[in-house]
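Visitor: sharing a sequence plus its predicted fold:
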Amino acid sequence: MQRDTTELPTIAAIGGTGHLGQGLAYRLSKRGYPFIIGSREPAKARTCAAELSRRSGRPMEGMTNVDACRDANIVILTVPWKHHASVLTTIREALQGKILIDPTVPLDPSDVTRVHLPPRGTAAVQSQRFLGDRVRVVSAFQNVAAVHLMGDAPLPDCDVLVSGNSRAAREIVVDLATDIGLRAWHAGPIENSAVAESLTSTLLFINRYYKIRGAGIRVIGKAGRPA
């Protein structure tokens, strides 16, 4: 039976021409989600969207970051840490009333294998504080390698930790992750994003040390009824 995709939310990747943005766009659009690639350079966004659309067989749009936020129901911020604050400033108003998924990791370019969290908490915590309560920020997808998302093979056994102050918003993100073949876990309030953000540097070290192509994590144990 063909899946009914008419009621699926529109998702935008801000800074979506990078590897993580393209990977999530590719996987989610293949599942039928209307998708928008956002960029500071709209021509670059349109080119990227056209290529991803060709690969996925699903229509996709490319536009500016601000326009992408305005047209989407759910926004994924896929920009490097050094651009995190400046991009949030430009899209702050367009994000009001929406869900922002923030997979940003505050990596230190001098040594990405060493944990480096900002003094005021985590990237996701800073997003929530800056954007205010009308934006429901959810931390997720830090520990899924973009190389796996960009491919066509089934995703490897890799779990996703989902943190955020809104349980309903977390549930939506858990469903998105599950829909593309990952196993996702409610991981508590936004402050708990420190775990996923810190794990990224650890996984990068493991990749380098053991020559693994995209290490991930697994949570063991059988899930029971949520509390």
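Guide: Good, I have the coordinates.
Visitor: list the contacts of residue 52.
Guide: Counting by CB atoms under 8 Å, 6 or more residues apart in numbering, residue 52 touches 22, 25, 26, 29, 35, 37, 60. Every residue, glycine included, has its C-beta placed from N, CA and C.
Visitor: I'd like the distance between it and residue 87.
Guide: Using CB to CB, to the nearest Å, residue 52 is found at 20 Å from residue 87.
Visitor: distance from the chain centre to the longest helix seen in the chain, please.
Guide: The helix that spans the most residues within the chain, counting by DSSP state H, is helix 193-210. Its chain's C-alpha centre and that of helix 193-210 lie 16 Å apart, by CA atoms, centre = their mean, to the nearest Å.
Visitor: and residue 222, what's its pLDDT?
Guide: pLDDT, residue 222: 87.
Visitor: which element is it on?
Guide: For residue 222, there is no host helix or strand (DSSP states H and E).
Visitor: need the strands for this structure, in chain order.
Guide: 11-14, 35-39, 60-64, 74-77, 99-102, 136-139, 159-164, 183-186 (DSSP state E).
Visitor: circling back: buried stuff in the longest helix of the chain?
Guide: For helix 193-210, the neighbour count (16 or more other CB atoms under 10 Å) marks 193, 194, 195, 196, 197, 198, 199, 200, 201, 203, 204, 205 as buried.
Visitor: residue 163 is in contact with the first one, correct?
Guide: Yes. Counting by CB atoms under 8 Å, residue 193 touches residue 163, with 4.5 Å between them.
Visitor: tell me which other helices or strands the longest helix of the chain touches.
Guide: Applying 3 or more CB pairs under 8 Å, 6 or more residues apart in numbering; DSSP states H and E, one finds that helix 193-210 contacts helix 123-131, strand 136-139, strand 159-164.
Visitor: make CSV from these and add mean neighbour count and distance to residue 91 to it.
Guide: Listed next are these as CSV, based on neighbours: other CB atoms under 10 Å; distance: least, CB to CB, whole Å:
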stretch, mean neighbour count, distance to residue 91
helix 123-131, 21, 9
strand 136-139, 28, 13
strand 159-164, 25, 18
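Visitor: dump the ones you listed to TSV, plus distance to residue 93.
Guide: Converted to TSV, the helices and strands packed on helix 193-210 look like this (distance: least, CB to CB, whole Å):
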stretch	distance to residue 93
helix 123-131	10
strand 136-139	16
strand 159-164	21
